[in-house]
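Novice: Here is a sequence with its predicted model. Questions after.
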Amino acid sequence: MSPLIMYALLIALGLGTTITFASSHWLLAWMGLEINTLAILPLMAQTYHPRAVEAATKYFLAQATATATLLFASITNAWITGQWEIYQMTHPLPTTMIVIALALKLGLAPMHSWLPEVLQGISLTTGLLLSTWQKLAPFALLMQIFPSNPYPLMSLALLSAIVGGWGGLNQTQLRKLLAYSSIAHLGWMVVVLQFSASLTLLALSTYIAMTCSLFLLFNTNGTRTINALAISWANNPTLAALAPMLLLSLGGLPPLTGFMPKWLILQELTKQDLPVLATIQALAALLSLYFYLRLSYAMTLTMSPNNTTGLTPWRLTSIKPVLPLAISSTSTVLLLPLAPAATALLMS
């Protein structure tokens, strides 16, 4: 792809998200979501592979369905209440429709089936954009809606945490594993949305840092399956030693960064007199932790048969940029001591 076209598409991605962030009118928000969707489609299909074209088509159909539902719901709200502002969603029918549309855009269960298939068909760099940047605009809209009944959204969140952990257990493709990891983390972000939007922002920001580090690590090593992780030690011993900490941080184990949002979310659910929901969320995290441990075992405790020639790549200078991986990996591993400062900043 031409660099000029690439820059234009990236600018359009940023423009679409910024329009949605800055809009208080449903038509402007819908316009930003459409610009966002149309800008990432050429990036998905840039490899000219049938699998990439299939992934781009599935993504387009899912997003077009979600945005059409969102537009219909906003028109219905304007017809019933005479209001186009996002904050004026008062009627339960259009509010429920918009929650379902945004859940489909994000990939919340049970509207999640498109996400693993799409992520499997695209490159890791485009998958990183899909798993991080493309979630910002729908979350900005979801945080401005206040349904009168929070239980449907909490049910979607709980189901996402369970499906995300359960669906990743039998996967061998790393991109599908990352997709189910994204679904599980979406459940953690959405379950506390009605009670504390600042905790949702904290969980989203830490998730973006952790996912960036893992996507960049797999891209640097050039691995696509679990079996290919066995040669990571020969390719790059430093990254292979760092990988278990990144994976366990995604699983939410202390003293790593991923423990911070899960701990605070469970505390908030307990304060809201929802101990059963908090317990099920914590148990669902164990499912995700299993396949993170599986990846750690395949990467660090499995030695592939190597000869002297096979051990030389780590001595050669890598041409891939390592600064983004270094920054995101450091954030993933070492940000837990800043938990009091982060919560004070977000809740002030």
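Specialist: On my side now, so go ahead.
Novice: just the helices in the stretch 151-300 of the chain please.
Specialist: Using DSSP state H, counting those that start in this stretch, the helices of the stretch 151-300 of the chain run over residues 151-167, 174-191, 197-221, 232-235, 237-251, 259-271, 275-300.
Novice: Out of the ones you listed, indicate the one that is most buried.
Specialist: Across the helices of the stretch 151-300 of the chain, averaging neighbours per residue (mean count of other Cβ atoms under 10 Å) puts helix 174-191 on top, at a mean of 26. All C-beta spots, glycine's among them, are computed from the backbone N, C-alpha and C.
Novice: Show the secondary-structure elements that that helix is packed against.
Specialist: helix 114-121, helix 124-131, helix 151-167, helix 197-221, helix 259-271, helix 275-300 (3 or more Cβ pairs under 8 Å, 6 or more residues apart in numbering; DSSP states H and E).
Novice: moving C-terminal of the last one, what's the next helix or strand?
Specialist: Read that as helix 275-300. helix 323-334 (DSSP states H and E).
Novice: residues in contact with that following helix?
Specialist: Helix 323-334 is contacted by residues 209-210, 212-213, 216-217, 220, 239, 242, 245-246, 249-250, 256-258 when judged by Cβ atoms under 8 Å, 6 or more residues apart in numbering.
Novice: tell me which of those residues is nearest to Gly165?
Specialist: Lowest distance from Gly165 to the contacts of helix 323-334 (Cβ to Cβ) belongs to Leu250, with 11.7 Å.
Novice: Surely that closest one touches Tyr292?
Specialist: Yes. Leu250 is within contact range of Tyr292, at 5.8 Å (criterion: Cβ atoms under 8 Å).
Novice: can you list residues touching both of these two?
Specialist: By Cβ under 8 Å, 6+ apart, Leu250 and Tyr292 have these common neighbours: Ser181.
Novice: May I have the helix or strand of the chain with the lowest mean pLDDT exported as CSV, CA atoms only?
Specialist: Sorting the helices and strands of the chain by mean pLDDT, DSSP states H and E puts helix 232-235 at the bottom, at a mean of 76. Extracted C-alpha coordinates of helix 232-235, given in CSV (Å, rounded to 0.1, in the frame of the first residue of the first chain):
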residue,chain,number,x,y,z
SER,A,232,10.8,-17.8,20.7
TRP,A,233,13.7,-18.5,23.0
ALA,A,234,16.0,-19.1,20.0
ASN,A,235,14.8,-16.0,18.2
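Novice: from the middle of its chain, how far away would it be?
Specialist: Computed by Cα atoms, centre = their mean, to the nearest Å, the chain-centroid distance of helix 232-235 equals 27 Å.
Novice: Excluding covalently adjacent residues, which one is nearest to Lys320?
Specialist: In space, and not counting its chain neighbours, Lys320 is closest to Thr220: 5.4 Å by Cβ to Cβ, 6 or more residues apart in numbering.
Novice: what do you get for Ser74?
Specialist: Spatial nearest neighbour of Ser74, chain neighbours left out: Trp26 (3.5 Å); criterion: Cβ to Cβ, 6+ apart.
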